[in-house]
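> Sequence and predicted structure, then a few things I'm wondering about:
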Amino acid sequence: MRLDFRRFVQPLCAPWFALLVLGSALTQSAAAAETAAQWDLRDLYPTPAAWSDSYERTRKTIGTLDRYKSTLGGSAEEMLVGLAAISDTRREVTRLFGYAFLRSDEDVRDASNQERKQKAGSLFTQLAEKTVWVAPEIQAMDEARIRAFLAKSPALKQRFDFFLAETRRFTPHTLGLEGEAVLAANGDVLAQPNNIFKQLVTGEFPFPTIEIDGRKVRLTDSEYEKYRTADKRSDRKAVFDGFWSTFKNYQGTLGATLATQVMGDVFSSHARRFDTSLQAALFGDNMPERVYRTLVAQANAGLPTLHRYLRLRKRLLGIQDDLAYYDNYPSLFKVAHPPHFSLAESEKITLAALAPLGDEYRALLKRGFEARWTDPYPRQGKAGGGYMMGSAYDVHPYLLLNHNDDYESLSTVAHEWGHAVHTLLADKNQPYEKSGYSTFIAESASIANEMLLGDYLVRIAKTREEKLFYLGEQLEQIRTTFFRQVMFAEFQLAMHEAQEQNQPLSGASLTEQYCTLLKRYYGEAQGVMKIDPLYCNEWGFIQHFYYGYYVWQYATSMAGAALFADDIQRNGGPARDRFLNMLKAGGSDYAYEIYKRAGIDLGEPAPYQALVKRMDRIIDEVEALERTSR
């Protein structure tokens with residue numbers, strides 16, 4: 001799925017399983033016709049038969065894990081044996097699923113591959129059922145006894161000290177076995193709002209057909225994203241009017257669906273004895289609430305810079321009347337010959353751009369580029385988009401790309417390999433149980449890579465037009481990944497707080513709330529942009545609202561990445577070492593604390609102010625280049 005922003009997905013089935021997904025359009029290119037070197041999954045399992053053998057062994061092992069029940073408190077040795085058996089089984093389950101997932105994406109039409117993925121996914125449910133007793137057993141133990149076990153067994157401490165502390169931290173919010181069973185049984189019900197949304201919008205929506213340049217275009221979501229960038233302003237308006245009129249017609253249904261999602265979030269948080277749904281959402285990462293609220297406050301404080309950018313956009317697009325919401329998407333700077341990058345060129349440029357990250361980082365990149373870890377080109381039947389999968393701790397990451405030989409493809413290479421190197425560093429420096437890093441920290445390496453890439457391309461640009469093109473791309477990235485995501489986060493918070501205060505939610509009220517935010521963020525009162533109320537139905541299109549509090553972490557990662565990118569380029573080694581040590585920490589501590597050890601407190605205004613200053617600096621550079629042509 002491709003929305004207006006990059007997406008990181010942490011599957012709910014396993015806390016130590018990282019799957020990073022970056023949406024991008026699946027299009028054909030000249031490279032697609034070539035016989036491309038695909039990933040070699042034999043590093044995971046030499047044959048499908050070997051996978052099946054491991055599947056059967058693991059399935060049988062899962063069935064025996066409850067034999068460790070009531071043994072964890074016996075001694076340090078017994079605790080280590082029991083937890084290690086469960087962890088080792090989980091590690092093999094994630095490896096099995098990783099192979100099945102990758103095979104399924106090689107050709108989504110192959111039923112046998114889809115069935116294999118379903119079989120692998122079922123192992124997570126079986127594993128959860130056979131280990132449901134673990135948390136209650138640990139939580140019932142005396143704290144002093146656990147400390148004594150950790151002191152006695154270095155292996156237990158190395159692998160499981162953080163897990164034990166986390167499990168006990170959850171004690172006030174863990175129900176008894178009966179209560180946990182009831183909540184688990186409600187899982188399918190609570191998932192239905194998202195399922196209904198997907199069924200309606202993806203499968204049954206009566207998307208309109210409009211005429212553009214004499215051709216009839218049916219405005220599905222992908223066609224909407226394509227044609228909203230049209231050069232002709234009347235075409236952009238027609239695209240927006242047609243697309244959002246359809247959503248307005250379903251405002252009531254979509255409002256009821258999203259309201260039900262919010263009700264489910266609030267129900268789950270109260271059932272687990274949290275005061276608010278925000279508190280519940282942040283608890284897993286032990287995240288201070290001030291991080292979320294500081295992010296929102298600082299984005300609002302930075303709106304004058306966003307408005308400055310929007311005024312620049314209006315002037316560069318030559319708009320004489322009011323700037324409109326549909327004017328956000330066309331490129332500010334056209335180049336006579338759009339930049340073209342083969343996969344080999346994308347890898348070469350990425351290596352050069354990331355030189356400030358040092359030899360250790362670049363050596364891992366080179367190793368990955370030279371190996372068969374990537375399925376790089378689009379082809380019929382292959383899954384779209386792009387992602388890094390790091391589920392096989394004992395092997396290496398795999399990357400799915402759909403390289404289209406354009407700037408977006410180059411940017412995707414830098415982004416996804418940021419995730420891959422992050423995974424390699426974490427796996428090398430942490431035991432399996434501490435290698436999986438939080439969503440909060442996951443985008444930091446990938447976005448830092450993109451920023452270093454952007455700065456590098458600006459430096460080496462051969463013409464003024466190329467330089468302006470790359471600067472314009474950086475400005476749009478900040479608008480969409482920072483300001484737009486924080487606006488979404490503020491909307492999510494407003495929805496949930498309204499529900500918690502027993503205020504009714506409906507399609508009409510959600511549209512009103514969203515309109516208020518659009519007008520504030522895009523500066524209607526300041527005369528920056530005029531918001532058509534029809535477009536305030538945009539909330540009905542954003543599937544991420546069905547994932548709970550989620551999108552705000554794109555913005556925090558971007559702020560942290562901007563600070564790192566600037567510091568590394570300015571100060572070199574010391575800043576680079578802090579950054580790499582953060583990546584090497586994996587999931588050995590809470591993401592907020594790992595960031596703080598790297599010298600960045602995302603609960604303070606400074607990182608967000610630095611990102612806004614970066615945007616101002618880029619605008620300054622654009623305006624200076626403009627003056628040279630006058």
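Cool, the structure landed. Numbering: from 1, shown residues only.

> Quick check: Gly264 vs Val201, distance?
For Gly264, the distance to Val201 equals 19 Å [Cβ to Cβ, to the nearest Å]. For every residue, glycine as well, the C-beta is placed using N, CA and C.

> go on, Ile210?
18 Å.

> elements contacting the host helix or strand of Lys157?
With elements taken from DSSP states H and E, the one containing Lys157 is helix 154-169. Under the contact criterion of 3 or more Cβ pairs under 8 Å, 6 or more residues apart in numbering; DSSP states H and E, helix 154-169 touches helix 76-106, helix 134-139, helix 143-152.

> among the ones you listed, which gets the worst mean confidence?
Here the lowest mean pLDDT among the helices and strands packed on helix 154-169 goes to helix 134-139, at a mean of 93.

> So what touches that one?
With Cβ atoms under 8 Å, 6 or more residues apart in numbering as the test, helix 134-139 has contacts from 69-70, 72-73, 83, 86, 146, 164, 167-168, 170-171, 174, 176-177.

> Can you pull the phi and psi angles for Gly74?
phi -70, psi -50 (degrees, to the nearest 10).

> And the helix holding Lys157, what's buried?
For helix 154-169, the neighbour count (16 or more other Cβ atoms under 10 Å) marks Leu156, Lys157, Arg159, Phe160, Asp161, Phe162, Phe163, Leu164, Glu166, Thr167, Arg168 as buried.

> can you pull the contacts of the nearest residue to the first one once chain neighbours are set aside?
Same thing as Leu156. Leaving aside its chain neighbours, Leu156 sits nearest to Leu80 (4.5 Å; criterion: Cβ to Cβ, 6 or more residues apart in numbering). By Cβ under 8 Å, 6+ apart, Leu80 lies in contact with Ser153, Ala155, Leu156, Arg159, Phe160.

> And Leu80, how close does it get to Thr174?
With distances taken as Cβ to Cβ, Leu80 is found 23 Å from Thr174.

> among the contacts of helix 134-139, which two are most distant?
Spatially, the most separated pair among the contacts of helix 134-139 is Leu83 and Gly176, at 21.8 Å (Cβ to Cβ).

> Arg600 reaches Ala561, doesn't it?
Check again: residue 600 is Ile, not Arg. No: assessed by Cβ atoms under 8 Å, Ile600 is found out of contact with Ala561, at 9.9 Å.

> Could I get the contacts of Leu80 in CSV, plus columns for distance to Ile460 and pLDDT?
CSV is the format used below for the contacts of Leu80 (distance: Cβ to Cβ, whole Å; pLDDT from 0 to 100):
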residue, distance to Ile460, pLDDT
Ser153, 54, 98
Ala155, 50, 98
Leu156, 52, 98
Arg159, 46, 97
Phe160, 48, 98
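
> how about a markdown table for these, with distance to Gln513 added?
Output for the contacts of Leu80, formatted as a markdown table (distance: Cβ to Cβ, whole Å):
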| residue | distance to Gln513 |
| --- | --- |
| Ser153 | 53 |
| Ala155 | 52 |
| Leu156 | 50 |
| Arg159 | 46 |
| Phe160 | 44 |
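
> residues making contact with the helix holding Lys157?
Residues contacting helix 154-169 (Cβ under 8 Å, 6+ apart): 76, 79-80, 83-84, 87, 134-135, 138-139, 143, 146, 149-151, 286, 431-434, 587-589.

> same question, stretch 594-604
By Cβ under 8 Å, 6+ apart, the list of residues contacting stretch 594-604 reads 288, 290-291, 294-295, 441, 556, 559-560, 563-564, 578-579, 581-582, 585, 588-589, 592, 606-607.
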